[in-house]
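Visitor: my questions concern the predicted model and sequence given below.
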Amino acid sequence: MGQENKTHTWVSEFILLGLSSDWEMQVFLFVLILTMYLVTFVGNVLILLLIRLDSRLHKPMYFFLSVLSFVDLCYSNSIAPQMLVHMLSARKSIPFYSCVFQLYIVLAAGGSEFFLLGAMAYDRYVAVCHPLRYTVIMHGRLCLGLAAGCLGAGFTNSLMETIITFWLPLCHNVINHFTCETLAVVRLACVDISFNKVMVAISGFLVIMLPCFLVVFSYARIVAAILHIRSAQGRCKAFETCASHLTVVSMCFGTAIFTYLRPTSDSSAEQEKMVALFYAVVTPMLNPLIYSLRNKEVMSALRKLLGKFSEKW
């Protein structure tokens, strides 16, 4: 900061500017986000319930899907309720430690999701390329180990990034965002933030690109295996086992790579808000819809559960 005479004080709370200052727009966004949040909550809880109750879904693929639904619930619940309250509040404040906790959970859930998608790609590779040895390779201990590793990597990365973010001395407490997002918080610092930007870039590369490489490798092998299947019916069946996961992977990794692997000068606070909104509200809502509507086993389990309820009533 050189000759700048800036002082910093202890920040007890932050003020979030949100998505819009226009009251009518805030009401519209409140209704929209509340609807999407309810769909997200019901959809992911339903996925967890179906996998827990239906023995036909006690397979590695659905185990990873249940962990993904849990992570999506953590992600959505850490942001959406606070957003909804702030949209109807005159003063959009959040206590310091609540902001720290929110950033930690958001980064942990986001990182864990990318690693989980990588693990799910490996699961689909084994299912298509080694179908006769699938249950032997994807045994219970390996699935638990992979899930624990994904969560551990996500939460460890989040801890380090949260620490270096809030270790900075802050000059003011007004965050141009609807949540405590990393880049939005470091912009409040009184010191040079070049180190933090480098660490965010490194963290983004590890969390996004390493799982992405695993996904690309797995699907390259899957495509090669599918092309060697002679019957069209066999190729179609093999592709159906991967279609839902591939849709989610394309949506998540495509947006993340486009956003975080561009030069920082090309990004703006408004773009960061839109991306954060996509991952906080849209992605957790779409994941259960994609995996349920495109999956015959999940739909069969849902019809079975609804049939049991209709018999009781």
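Guide: It's in.
Visitor: where do the helices of the stretch 201-313 of the chain begin and end?
Guide: 210-227, 232-260, 269-277, 283-293, 296-312 (DSSP state H, counting those that start in this stretch).
Visitor: give me whichever of the ones you listed is most buried.
Guide: helix 283-293 (a mean of 21; mean count of other CB atoms under 10 Å). For glycine as for every other residue, the C-beta is placed from the backbone atoms N, C-alpha and C.
Visitor: CA atoms only: put it into CSV for me.
Guide: Backbone C-alpha positions of helix 283-293 (Å, rounded to 0.1, in the frame of the first residue of the first chain) are rendered in CSV as follows:
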residue,chain,number,x,y,z
THR,A,283,-27.0,-26.6,-9.4
PRO,A,284,-28.3,-28.2,-6.2
MET,A,285,-31.8,-27.9,-7.7
LEU,A,286,-30.9,-29.5,-11.0
ASN,A,287,-28.8,-32.4,-9.7
PRO,A,288,-31.7,-34.4,-8.2
LEU,A,289,-33.9,-33.6,-11.1
ILE,A,290,-31.4,-34.8,-13.6
TYR,A,291,-30.5,-38.0,-11.7
SER,A,292,-34.2,-38.8,-11.0
LEU,A,293,-35.9,-38.0,-14.3
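Visitor: what helices or strands is that helix leaning on?
Guide: Packing contacts for helix 283-293, counted by 3 or more CB pairs under 8 Å, 6 or more residues apart in numbering; DSSP states H and E, involve helix 23-53, helix 60-87, helix 232-260, helix 296-312.
Visitor: what about residue 250, distance to residue 291?
Guide: Look at residue 250 and residue 291: by CB to CB, to the nearest Å, they are 14 Å apart.
Visitor: same check, this time on residue 38
Guide: For residue 38, the distance to residue 291 - CB to CB - is 18 Å.
Visitor: again, but for residue 162
Guide: 30 Å.
Visitor: tell me how many other residues crowd the residue nearest to residue 12 when sequence neighbours are not counted.
Guide: Leaving out its chain neighbours, the residue that sits closest to residue 12 by CB to CB, 6 or more residues apart in numbering is residue 96, at 5.6 Å. If you count neighbours by other CB atoms under 10 Å, residue 96 ends up with 16.
Visitor: now do the SS call for the residue nearest the centre of the chain.
Guide: The residue lying closest to the centre of the chain (CA atoms, centre = their mean) is residue 110, at 4.0 Å. Here residue 110 is helix, with the state taken from DSSP: H, G, I helix; E, B strand; the rest coil.
Visitor: make residue 1 into 52 and carry on from there
Guide: Shifting the count to begin at 52 puts that one at residue 161.
Visitor: distance of the residue nearest to residue 349 when sequence neighbours are not counted from residue 200?
Guide: Excluding the flanking residues, the one nearest residue 349 by CB to CB, 6+ apart is residue 343, at 4.7 Å. For residue 343, the distance to residue 200 equals 26 Å [CB to CB].
Visitor: residue 107 now?
Guide: In terms of CB to CB, residue 107 sits 27 Å off from residue 200.
Visitor: same question, residue 83
Guide: 36 Å.
Visitor: more neighbours, those two?
Guide: residue 200 (14 against 11).
Visitor: name the element the more buried one belongs to?
Guide: Following DSSP states H and E, the helix or strand that holds residue 200 is helix 191-217.
Visitor: pull out the buried positions in that helix.
Guide: 194, 197-198, 201-202, 204-206, 208-209, 212-213, 215-217 (16 or more other CB atoms under 10 Å).
Visitor: same for that helix, what does it pack against?
Guide: Counting by 3+ CB pairs under 8 Å, 6+ apart, helix 191-217 packs on helix 111-138, helix 147-180, helix 233-237, helix 245-255.
Visitor: possible to save those helices as JSON lines with distance to residue 188 and mean pLDDT?
Guide: Listed next are the helices and strands packed on helix 191-217 as JSON lines, based on distance: least, CB to CB, whole Å; pLDDT from 0 to 100:
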{"stretch": "helix 111-138", "distance to residue 188": "9", "mean pLDDT": "92"}
{"stretch": "helix 147-180", "distance to residue 188": "5", "mean pLDDT": "92"}
{"stretch": "helix 233-237", "distance to residue 188": "37", "mean pLDDT": "88"}
{"stretch": "helix 245-255", "distance to residue 188": "31", "mean pLDDT": "84"}
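Visitor: below-threshold pLDDT in the stretch 252-364 of the chain: ranges please.
Guide: 285, 289, 292, 309-319, 344-345, 362-364 (pLDDT under 70).
Visitor: go again using 90 as the cut-off
Guide: 252-257, 259-261, 263-267, 269-364 (pLDDT under 90).
Visitor: which residues does residue 155 contact?
Guide: 209-210, 213 (CB atoms under 8 Å, 6 or more residues apart in numbering).
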